[in-house]
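Enquirer: Just a sequence and a predicted model for now, questions to come.
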Amino acid sequence: MANPDKLNSQINFKEIDAAQITKALSEYQNSFFKLILIAVSLLLAWMMFNDCHAKEQILRNKMSKVKQKLEVIKAREAAIKDFADFKALLPKKINESGLIEVISNYAKAHHASIASLSPAESKDMGLYDFMNLTFNGTCENFREMMLLLRNIEKSEYPLRIDSWKASEQGGEISFAMVISAVIIHT
């Protein structure tokens, strides 16, 4: 390999002429090409590294966006599941004729005879409907009357006894009650 000190001493940069350059290049031709190849190789390696680094950064950004989308999808699925669970917890829906049928079945189960059963009013409250039902009848004894009241209050439907009046006449319990129901719009 050529000695750089020897190279500087042989070439005088003030008096450069083509013959001297040609002579120096031919004398140190292998070293010069090796130096150029090393420089070009380093330049190409640097360019490849920068290109790979840029592609890696783009890939990382895409992966980050995909992760964010997956998190949003998972959050959406969890919200849908929570909403479905919430809707499952809501009381069953009932309409006016269904309410009359439910009350009639409860009365029949507790040996109560129905004198009158009529829907008083139904109001649309926006998110839900509010319905009243007036119920008059007789029951065999006080125990059956209490069981009837408890079944209405503990119904799977959203029912509530708003008012209740009872009196005993001849061993039978006569009663009048107002039952309200809430129908949630889903």
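Expert: It's in. Numbering: from 1, shown residues only.
Enquirer: Strands along this protein, start to end?
Expert: 112-124, 128-139, 159-169, 172-184 (DSSP state E).
Enquirer: who touches the last one?
Expert: Under the contact criterion CB atoms under 8 Å, 6 or more residues apart in numbering, strand 172-184 has outside partners 90-91, 93-95, 99, 103, 120, 127-142, 145, 149, 152, 157-168. The C-beta positions use only the backbone N, C-alpha and C, and glycine is treated the same way.
Enquirer: hmm, 6 Å instead?
Expert: By CB atoms under 6 Å, 6 or more residues apart in numbering, the surrounding residues in contact with strand 172-184 are 90, 93, 99, 128-136, 138-139, 142, 145, 158-167.
Enquirer: so that strand versus strand 112-124, what angle?
Expert: Angle, strand 172-184 to strand 112-124, by axes from the mean of the first three to the mean of the last three CA atoms, to 10 degrees: 30 degrees.
Enquirer: how far does the longest helix along the chain sit from the chain's center?
Expert: In the chain, with assignment by DSSP state H, the single longest helix is helix 29-89. Taking CA atoms, centre = their mean, to the nearest Å, the mean C-alpha location of helix 29-89 is offset from the chain mean by 27 Å.
Enquirer: helices or strands up against it?
Expert: Of the remaining helices and strands, none touches helix 29-89 by 3 or more CB pairs under 6 Å, 6 or more residues apart in numbering; DSSP states H and E.
Enquirer: tilt between that helix and strand 172-184?
Expert: If you take the same axes, to 10 degrees, helix 29-89 sits at 160 degrees to strand 172-184.
Enquirer: Lovely, talk soon.
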